[in-house]
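**Q** give me a 3D structure for the following:
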Amino acid sequence: MSRLSVHHQTSPDIPNKVLGHAEDITSTLAAVGIDFRVLDIDVKLQPGVAQAEVLSAIAAPLQQLQSDHDLGHVEVTSIDQRRWPTEHDKPVGAPQEITVEGEQRYLFLSGQGMLSLHIDDYVFVLLAERNALVSVPAGTRHWFELGEFPYCTMVRLSTGNAAVGKPSGDDIAARFPRLQD
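**A** Presented below is the predicted three-dimensional model:
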């Protein structure tokens, strides 16, 4: 079950509200132009599986999302913290707030990841879990992280110009709590 906390940008440690029901998360994010849904995808994928296995398992819903939203770029992240190739591959620094020129959609298939959306004076911190789909409109300031010991399988779909983010120049991501494992 995904969870959403809403913070004023000046109070990263104290949320204004915390939500755990999908309907509440959906309506809160919709009010600021973010689409959140829980899809009915009956696929069991373990974090750490190969990209080809992920793409094969979700081929039909993935193709539907791509055609419905004109999202040509697909990036698979499938990490199991127990299988780090080498110690230097672990993330060390705080995530960085970025913006992208086109739309993105994050589809979480297993495990969890934290997507933070900086909209006006508020930060919407979504701890996303299985089958959560969240849109990130073009120009939305955001950051994403998997924690020190990532355990997540997700797909990021984007328009071609949204494949690479540009740093916003704001250090806000470093001031907000990290994903705790």
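**Q** who's in contact with the residue with the shortest distance to the centre of the chain?
**A** Nearest to the geometric centre of the chain sits residue 115, at 4.1 Å (Cα atoms, centre = their mean). With contact taken as Cβ atoms under 8 Å, 6 or more residues apart in numbering, residue 115 is in contact with 106, 125-126, 128, 134, 136, 142-144. To be clear about C-beta, it is placed using only N, CA and C from the backbone, and glycine gets the same treatment.
**Q** in TSV, list the residues you listed along with pLDDT and distance to residue 73.
**A** Below are those laid out as TSV (pLDDT from 0 to 100; distance: Cβ to Cβ, whole Å):
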residue	pLDDT	distance to residue 73
106	96	13
125	98	25
126	98	21
128	97	19
134	98	17
136	95	13
142	96	17
143	96	19
144	93	15
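**Q** just curious, which of those is nearest to residue 47?
**A** Taking Cβ to Cβ as the measure, residue 47 lies nearest residue 128 of the contacts of residue 115, at 13.5 Å.
**Q** what about that closest one, how many neighbours?
**A** Number of residues near residue 128 (other Cβ atoms under 10 Å) recorded here: 25.
**Q** the closest residue in space to it that isn't next to it in sequence: what secondary structure?
**A** Closest residue to residue 128 in three dimensions, ignoring its sequence neighbours and counting by Cβ to Cβ, 6 or more residues apart in numbering: residue 108, at 4.5 Å. Assigned with DSSP: H, G, I helix; E, B strand; the rest coil, residue 108 falls in the strand class.
**Q** same deal with residue 40?
**A** coil.
**Q** so what's the residue nearest to it when sequence neighbours are not counted up against?
**A** The shortest distance from residue 40 to any residue other than its chain neighbours is 7.2 Å, reached at residue 131 (Cβ to Cβ, 6+ apart). Shown in contact with residue 131 (Cβ under 8 Å, 6+ apart): 38-41, 107-109.
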